[in-house]
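> quick one: sequence and predicted model below, then my questions.
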Protein chains: 2
Amino acid sequence: MAATTRLRSLNIDNINPHVKEAKYAVRGEIASRAENYRAKLAGRNVKGVPDKLPFDTVISANIGNPQQLDQKPLTFFRQVLSLLEYPKLLDSPDVLRNALGYEQDVIDRAQWLLHEAHSVGAYSHSQGVPAIRDSVAKFIERRDGHPADPQDIFLTAGASAGVNALMTVLCSNPKTGVLVPIPQYPLYTATLSLLGAQCVPYYLNESSNWGMDMNSVKEAIKKAKDEGIDVRAMVIINPGNPTGASLPAKDIRNVIEFAAEEKLVIMADEVYQTNVFKGSFSSFKKGLRDLQKEVPEKFDNIELVSTHSISKGMVGECGHRGGYFELIGFDPEVVAEIYKFVSISLCPPVIGQCLVELMVNPPKKGDASYELYDKEYSAIFKGLHERATALYDAFQKMEGVEISEPQGSMYLFPTIKLPEKAIQAAKKENRQADEFYCLRLLDATGICVVPGSGFGQAPGTLHFRTTFLAPGTEWVDRITSFHKDFMNEFR
Amino acid sequence: MAATTRLRSLNIDNINPHVKEAKYAVRGEIASRAENYRAKLAGRNVKGVPDKLPFDTVISANIGNPQQLDQKPLTFFRQVLSLLEYPKLLDSPDVLRNALGYEQDVIDRAQWLLHEAHSVGAYSHSQGVPAIRDSVAKFIERRDGHPADPQDIFLTAGASAGVNALMTVLCSNPKTGVLVPIPQYPLYTATLSLLGAQCVPYYLNESSNWGMDMNSVKEAIKKAKDEGIDVRAMVIINPGNPTGASLPAKDIRNVIEFAAEEKLVIMADEVYQTNVFKGSFSSFKKGLRDLQKEVPEKFDNIELVSTHSISKGMVGECGHRGGYFELIGFDPEVVAEIYKFVSISLCPPVIGQCLVELMVNPPKKGDASYELYDKEYSAIFKGLHERATALYDAFQKMEGVEISEPQGSMYLFPTIKLPEKAIQAAKKENRQADEFYCLRLLDATGICVVPGSGFGQAPGTLHFRTTFLAPGTEWVDRITSFHKDFMNEFR
């Protein structure tokens, strides 16, 4: 503690204990160290970083951040945004078309969005620009084959902001509990810690490609109830993060039936809905509406919220902070409180809202921009699959590493079995063994991944999460070679 | 309550009570009704809105949202953003310069920002792009004549996000208190409600142009301490919102001396620092550094945070959600927790970060874009002052309305004295009298303002806050004529 602490108002012992409890490994110590290495390599002066590093680039495989690496934004999307930022360009349509390659549908879309949002520099409605919410509702209708109501859509500053709003309204006291899959994206546990509520963990089944295990869910809720926890909601990440697994329709029905029995809000994180290599994506909304048709009396009062984002998929526009959630079956008085809560932050970034519009309403077959859009979109999808496969192949060859075939999302989540000596060495440094391994990997290679303990893992198992977004195979070789040295050192 | 409540997990009686307690009048019932009127006039179908409205436009004078009304964005800023959104335009510099009027400094700035941020579609460092933080530090140095450290700067999604982060870390339990001026911007009370902490109100002095009244502050803190409240921080909004008042340097010193005695974190909301018509802006950072030079031992441990935003001033880019805060004198362990907290939301919108860069580092004399920038900037400033004066003149002529000369920010905050009959009519509707007046104003004219009770006001006084952003005088005439009718009806 700094020497002057007692002279200050705030110190580590008197600030909000919930903030201290929150853990967010995706941007934690290892990621922070990686940022320092990157700054050092860029010629900035950074305290505590050695003068010479044994690598010349930092690979941030800790976070799904496609455009920091190789992924290019979709041309149609960015052309529209350029016009939204500087509408005066629309006064020179000939220059746009002839000298700069803008198609007429780009110009039309920008004009329509400017008409609806007035200016991207103006606050919008707190729930988002009404016309964009209409587009989202139509997208959901096309996807699910069931109607959607624009009034139920809330545009957000990314999926994280939506989860924060929902969890804040939902968690009323320290005994409120939310079922969270393990492994999970640590936003969920961090948010519950911040709210002083209870994470009720349920384990996914690694041996069946990280599928749902309803027995594990039932055990978890029973144990929580026995401890006096008021379990109100269940988080499902589908396709999974960090696992990549897509739930089959049958698992979705099982979850909905369970939620109906236990009167749980279903929080479906569906941000990776287009990142699917194996199986196919089926939404919780579709599952619910299908069941409601079959047995209305049982499922009519289910509360479901589905989140989506512009940060993932082939869009990959993380830096623009955009997304939405759809509320299904919520009490109108509760919806009014959610609205009030989001209105305190005024509105989501309007450019991010416009990207939601483009994501849910991209060029269609026959549109002037379609061919290029389709080409770019398919190439990104193919590239992700190829990189995932290359990384998977490399992991398969590594000693003590077990991994299932890439299924989707942007991540691989291999199991690692480390020698006992490495586990002891980690203990000496007061670290978990997977954290120790990932720090060593970073220091030796400049590659930043996240230890499995940051997502949760079954006791006695070790993992790490890596994105497969970085281009080329050189960095994969760096991992392979580090891993060999590490195993030899601690064997 | 909906009939199905008992079948659902969530209802108004079991959700987070802190969310229910939070009030945010700027986007509350009146603003919501105004949005419905706007949607109706735009041809959308809205439940509960009469088919015929007695006005044909809605004027949103409830919120400082310049670009929703008349204010145009600054050309230099938006030209740079258009290139950031579609960097391929940089491949055609001749077209940009010759056919589209982009100056070379626009191109240079965009190229530099792309180099530093890589892509505006990529997540940045959680604290913001390092090079932009460098620019902010240099801006603060020029403004204050004292050094600033980029490591102390956190870029944010608008000032609101910064306030939320700081308050969350600061409030550790239900007895934590924060001094908040009355009247205030309701973000502060709403955030404290959400955190379940205590607002400790101190009254500004309306009779001295809403200046600081240290006696009122001292009374407030004494009363709070007597009630067992642990007062940790003091919010100052300078220039004031909703009052517009700029604090003289003497008042700033008084506040700092008081904060040193009471060991309070100073939270200086300085988002209106360029919206000053009367007096001049002097930052808390400058006041603190000046005092520290004079009497170091007394002020060396003061904790100060200053927030700024791209939403206000002549920039007015609300929809892009950008801003920053600077932390001075905080314990490094506390700073680390603030960092962790903001990292859970990943990063502020990168385009908003780039607007912070442009705000703190606009074209300088001699730069190719300077002349146009200066012309646009001055015209916006002059326009705001003229509108404020016109509105002030109109209010001065209205029966029962008292108002001091416009001083700054984007608001006027007149006192209204309503007839007893009106106060009784409000009571019958279970409303505060100022709220009753503002709802009547909206229903009759389409003009949306915020009742003084939304900001806090001395007992027995009534006010409303209106922006002076709307162009022309026609809407002012609507208010004058409504007011006359209202007074006649209830006299």
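Looks like it arrived, so ask away.
> when you work out contacts or count neighbours from here on, use the C-alpha atoms and nothing else.
Noted.
> so A:Pro406 touches A:Gly244, yeah?
Yes: the pair A:Pro406 / A:Gly244 is scored as a contact, 7.0 Å apart, by C-alpha atoms under 8 Å.
> what sits in contact with each of these two?
Contact criterion C-alpha atoms under 8 Å, 6 or more residues apart in numbering or on different chains; residues shared by A:Pro406 and A:Gly244: A:Leu412.
> ok, now how distant is A:Arg431 from chain B?
A:Arg431 is 19 Å from chain B, where distance means C-alpha to the nearest C-alpha, to the nearest Å.
> and that residue, how many neighbours?
If you count neighbours by other C-alpha atoms under 10 Å in any protein chain shown, A:Arg431 ends up with 14.
> one more: A:Lys286?
Using other C-alpha under 10 Å, A:Lys286 is surrounded by 20 other residues.
> ditto for the one 5 residues further on
Burial measure for A:Leu291: 17 neighbouring residues, criterion other C-alpha under 10 Å.
> quick one, what contacts it?
If a contact means C-alpha under 8 Å, 6+ apart, then A:Leu291 has A:Arg253, A:Phe299 as its contacts.
> quick one: low-confidence residue ranges for the stretch 251-400 of chain A.
Counting by pLDDT under 70, the stretch 251-400 of chain A shows no low-confidence range.
> redo that, cut-off 90
For the stretch 251-400 of chain A, the stretches with pLDDT under 90 are A:279, A:295-298, A:300.
> quick one: the strands in it, in order.
A:265-269, A:304-309, A:323-328 (DSSP state E, counting those that start in this stretch).
> around chain B, pick out the residues from the stretch 301-450 of chain A.
A:301-303, A:316-321, A:330-334, A:337, A:340-341, A:343-351 (C-alpha under 8 Å from any C-alpha of the partner chain).
> okay, and which of these map to helices?
Using DSSP state H, the subset of these located in helices is A:Pro332, A:Glu333, A:Val334, A:Glu337, A:Lys340, A:Phe341, A:Ser343, A:Ile344, A:Val350, A:Ile351.
> count of neighbours near A:Gly279?
Residues near A:Gly279, counting by other C-alpha under 10 Å, number 12.
> wait, it sits on A:Ser246?
Yes: between A:Gly279 and A:Ser246 there is a contact at 6.4 Å, judged by C-alpha under 8 Å.
> what do those two both touch?
In contact with both A:Gly279 and A:Ser246: A:Gln407, using C-alpha under 8 Å, 6+ apart.
> measure the closest residue to chain B within the stretch 151-300 of chain A to A:Asn301 for me?
Distances between the stretch 151-300 of chain A and chain B by C-alpha to the nearest C-alpha are smallest at A:Ser172, namely 3.7 Å. Counting by C-alpha to C-alpha, to the nearest Å, the gap between A:Ser172 and A:Asn301 amounts to 21 Å.
> name the next helix or strand downstream of the lengthiest helix in chain A, please.
Ranked by residue count under DSSP H, the longest helix found in chain A is helix A:370-397. Later in the chain than helix A:370-397, the nearest helix or strand by DSSP states H and E is strand A:401-402.
> can you pick the most crowded of the ones in helices among the residues of the stretch 301-450 of chain A next to chain B?
Neighbour max across those (other C-alpha under 10 Å) = A:Val350, 29 neighbours.
> ok, now which ones touch it?
So A:Val350 contacts A:Ala117, A:Val120, A:Gly121, A:Ala122, A:Tyr123, A:Ser124, A:Gly128, B:Gly319, B:His320 (C-alpha under 8 Å, 6+ apart).
> hang on, the second one packs against A:Pro348?
No: taking C-alpha under 8 Å as the contact criterion, A:Val120 and A:Pro348 are not neighbours in contact, 11.0 Å apart.
> between the two, which has more neighbouring residues?
A:Pro348 (32 against 27).
> the more buried one reaches A:Ala159, doesn't it?
No: counting by C-alpha under 8 Å, A:Pro348 does not reach A:Ala159; the two are 11.2 Å apart.
> which neighbours do these two share?
A:Gly322.
> and stretch A:194-201, how far apart are its ends?
Where stretch A:194-201 begins and where it ends lie 17 Å apart, using C-alpha to C-alpha.
> buried residues, it. List them.
A:Leu194, A:Leu195, A:Gly196, A:Ala197, A:Gln198, A:Cys199, A:Val200, A:Pro201 (16 or more other C-alpha atoms under 10 Å in any protein chain shown).
> please apply the same query to stretch A:139-147.
Quick answer for stretch A:139-147 (16+ other C-alpha under 10 Å): A:Phe139, A:Ile140, A:Asp144.
> what's the answer for stretch A:293-311, then?
A:299-311.
> going by distance to chain B, which of these wins?
Each of those was checked against chain B using C-alpha to the nearest C-alpha; the closest is A:Asn301, at 6.0 Å.
> still on that earlier bit, identify the residues contacting the residue of the stretch 151-300 of chain A closest to chain B.
Contacts of A:Ser172 by C-alpha under 8 Å, 6+ apart are B:Asn14, B:Ile15, B:Asn16, B:Pro17.
> ok, and which of those residues reach chain A?
B:Asn14, B:Ile15, B:Asn16, B:Pro17.
> ok, the second one to A:Met234 distance?
In this view, B:Ile15 and A:Met234 are 16 Å apart by C-alpha to C-alpha.
> show me which of the two is the more surrounded one.
Neighbour totals were compared for B:Ile15 and A:Met234, and A:Met234 leads with 26 against 20 (other C-alpha under 10 Å).
> from A:Ala268, how far out is the more buried one?
Distance, A:Met234 to A:Ala268, using C-alpha to C-alpha: 8 Å.
> helices of the stretch 51-200 of chain A, start to end?
A:75-85, A:93-94, A:104-117, A:130-144, A:158-170, A:187-194 (DSSP state H, counting those that start in this stretch).
> looking at those helices, which one is packed in the most?
helix A:75-85 (a mean of 25; mean count of other C-alpha atoms under 10 Å in any protein chain shown).
> the inter-axis angle of that one versus helix A:104-117?
40 degrees (axes from the mean of the first three to the mean of the last three C-alpha atoms, to 10 degrees).
> touching helix A:75-85 from outside, list them.
A:89-90, A:102, A:106-107, A:109-110, A:113-114, A:119-120, A:351, A:354-355, A:358, A:363, A:369, A:372-373, B:78-79, B:81-86.
> stretch A:111-129 now?
So stretch A:111-129 is contacted by A:84-85, A:130-131, A:153-156, A:339, A:342-343, A:346-348, A:350-351, A:353-354, B:35, B:65-68, B:73, B:316-320 (C-alpha under 8 Å, 6+ apart).
> what of stretch A:243-262?
Taking C-alpha under 8 Å, 6+ apart as the rule, stretch A:243-262 contacts A:183, A:209-212, A:214, A:234, A:238-240, A:265-266, A:276, A:278-282, A:284, A:287-288, A:291, A:298-299, A:301-302, A:406-413.
> hmm, which of those residues are the buried ones?
A:183, A:209-212, A:214, A:234, A:238-240, A:265-266, A:276, A:280-282, A:284, A:287-288, A:291, A:299, A:301-302, A:406-413.
> so chain A: which segments form each domain?
A:14-69+A:376-490, A:75-116, A:123-360 (automatic domain parsing).
> ok, so what distance separates A:Phe468 from A:Leu74?
19 Å.
> so between the two, which is more surrounded?
Neighbours were counted for A:Phe468 and for A:Leu74 using other C-alpha under 10 Å; A:Phe468 has more, 27 against 20.
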